[in-house]
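**Student:** quick one, structure for this:
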Amino acid sequence: MAATAQRRGRRLTIVIVANLAVVVAQVIGGVAAHSVGLLADAGHNLTDVAAAALALVAVRLSRRAPTAARSFGFHRSSVLAAQANAAAILVVTVLIVVAAVERLVHPQAVRGGVVIAVAAGALAVNTVCALALHEPGQRDLGMRAALWHMAGDALAALGVVVAGTVIVVTGGYRWLDPAVSIAIAVLISVQAVRLGREVTDVLLEGTPRDVDVARLRTVIDGVAGVESAHDLHLWSLSSEVRALSAHVVLSGHPTLEEAQVVGERIKVTLASSFDIAHATLELECEACGEGMGDPCAMDALADARSAIGHGQGR
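**Tutor:** So this is what the prediction gives:
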């Protein structure tokens with residue numbers, strides 16, 4: 001895990017430096033060529049820099065050890081970084097669309113040669129950065145946000161190159177430049193909305209989308225020594241770290257040592273089959289709800305407190 005974090009940190013640092021250079025070039029080129037398309041792409045590359053910086057901070061925070069105040073550590077920092085990232089993308093895209101509409105209403109001459117040169121350079125840099133950030137089976141939301149930024153901006157730069165080429169060849173079609181910038185905004189905003197949904201799922205402690213809870217319960221029930229499982233909860237601490245809690249009824253009346261062996265067997269199965277890193281199991285000889293309501297439910301907490309209060313009052 002530490003080696004992975006270090007590798008990601010180095011890649012993100014390279015991406016930040018490269019994209020800062022692209023932003024400077026695109027702003028200068030956009031002003032010189034009167035191209036809102038280039039300026040739009042510069043705005044998205046600036047969000048790339050912010051995304052990579054947030055992801056870098058999150059990667060470093062995730063390596064910190066748990067504390068008494070944060071017993072699970074800082075795993076969720078990558079989720080918070082992705083949330084800030086998605087919000088920033090939507091704000092920037094709104095500003096870009098406003099500027100593009102203004103340019104459509106009041107078109108200006110665009111220097112297609114400058115647009116092509118600068119956008120081609122941005123296309124090359126963003127493509128290399130996207131390849132650098134790509135990891136097979138990537139689940140980290142912060143890293144995926146940075147990757148989507150790079151891939152989206154590579155496509156956006158390609159669109160700007162095409163628009164600039166058409167303007168140079170035909171001497172017209174000036175509306176293509178702001179039209180491309182609007183297309184860029186729509187493309188990136190769609191990615192931001194998708195990212196926001198995933199972030200919301202994690203923050204609301206929803207069940208990971210790729211886990212079939214019915215199958216998970218069946219797998220637990222199939223472990224040797226297990227009769228059944230109930231009161232099962234599965235959530236994500238981050239986009240890569242999952243946690244589970246459950247009540248597990250053991251078959252027969254095992255000793256404490258035998259029960260512990262079954263518990264460890266369940267945890268190994270959960271880790272290997274569902275990538276669940278942290279499992280908390282309450283092992284039972286009989287289902288906890290038999291003949292006395294359901295002490296597993298949240299209402300039982302209030303009932304227990306009420307019973308204790310009555311007992312102390314006597």
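
**Student:** tell me the contacts of the residue most central in space within the chain?
**Tutor:** Nearest residue to the geometric centre of the chain (Cα atoms, centre = their mean): residue 141, 2.0 Å. Going by Cβ atoms under 8 Å, 6 or more residues apart in numbering, residue 141 touches 78, 79, 81, 82, 195, 198, 199, 202, 238, 239. Where C-beta positions appear, they are placed from N, C-alpha and C, glycine not excepted.

**Student:** so for the last one, what's the pLDDT?
**Tutor:** Per-residue confidence at residue 239 stands at 72 (pLDDT).

**Student:** for the stretch 1-150 of the chain, give me the ranges with low pLDDT.
**Tutor:** 1-5, 36-38, 40-41, 44, 108-112, 136-140 (pLDDT under 70).

**Student:** buried ones in stretch 199-210?
**Tutor:** Applying a neighbour-count criterion of 16 or more other Cβ atoms under 10 Å, one finds 199, 201, 202, 207, 208 buried in stretch 199-210.

**Student:** could I have stretch 192-203 exported to PDB, CA atoms only?
**Tutor:** C-alpha atoms of stretch 192-203 as PDB (Å, rounded to 0.1, in the frame of the first residue of the first chain):
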ATOM      1  CA  ALA A 192     -18.200  15.500 -12.900                       C
ATOM      2  CA  VAL A 193     -21.800  14.400 -12.300                       C
ATOM      3  CA  ARG A 194     -20.800  10.700 -12.500                       C
ATOM      4  CA  LEU A 195     -18.000  11.300 -10.100                       C
ATOM      5  CA  GLY A 196     -20.300  13.100  -7.700                       C
ATOM      6  CA  ARG A 197     -22.700  10.200  -7.600                       C
ATOM      7  CA  GLU A 198     -19.900   7.800  -6.600                       C
ATOM      8  CA  VAL A 199     -18.700  10.200  -4.000                       C
ATOM      9  CA  THR A 200     -22.200  10.500  -2.600                       C
ATOM     10  CA  ASP A 201     -22.500   6.700  -2.400                       C
ATOM     11  CA  VAL A 202     -19.300   6.500  -0.300                       C
ATOM     12  CA  LEU A 203     -20.200   9.400   2.000                       C
END
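
**Student:** still on that earlier bit, just give me the closest of the contacts of residue 141 to residue 268.
**Tutor:** residue 238 (21.8 Å; Cβ to Cβ).

**Student:** what's that closest one sitting at in phi/psi?
**Tutor:** Note on residue 238: backbone dihedrals following degrees, to the nearest 10 are phi -150, psi -170.

**Student:** what's the answer for residue 247, then?
**Tutor:** phi -100, psi 130.

**Student:** one step back: for residue 21, state which of the contacts of residue 141 is nearest.
**Tutor:** Nearest to residue 21 among the contacts of residue 141, counting by Cβ to Cβ, is residue 81 at 22.7 Å.

**Student:** for that closest one, list the residues it contacts.
**Tutor:** Contacts of residue 81 (Cβ under 8 Å, 6+ apart): 54, 55, 57, 58, 141, 142, 145.

**Student:** now it: how far from residue 198?
**Tutor:** 13 Å (Cβ to Cβ, to the nearest Å).

**Student:** over to residue 205?
**Tutor:** Taking Cβ to Cβ, one finds residue 205 at 13 Å from residue 198.

**Student:** which residues of the protein fall in strands?
**Tutor:** Assigned by DSSP state E, the strands in the chain fall at 226-236, 242-250, 276-284.

**Student:** just give me the closest of the contacts of residue 81 to residue 249.
**Tutor:** Closest to residue 249, out of all of the contacts of residue 81 and judged by Cβ to Cβ, is residue 141, at 35.7 Å.

**Student:** in the stretch 151-300 of the chain, which spans are helices?
**Tutor:** 176-203, 213-221, 256-274, 299-313 (DSSP state H, counting those that start in this stretch).

**Student:** tell me which of these is the most buried.
**Tutor:** Counting by mean count of other Cβ atoms under 10 Å, helix 176-203 has the highest mean neighbour count of these, with a mean of 20.

**Student:** got the angle for it vs strand 226-236?
**Tutor:** Put simply, helix 176-203 runs at 140 degrees to strand 226-236, going by axes from the mean of the first three to the mean of the last three Cα atoms, to 10 degrees.

**Student:** show me what helix 176-203 is packed up against.
**Tutor:** Applying 3 or more Cβ pairs under 8 Å, 6 or more residues apart in numbering; DSSP states H and E, we find helix 176-203 packed against helix 36-62, helix 77-105, helix 141-170.
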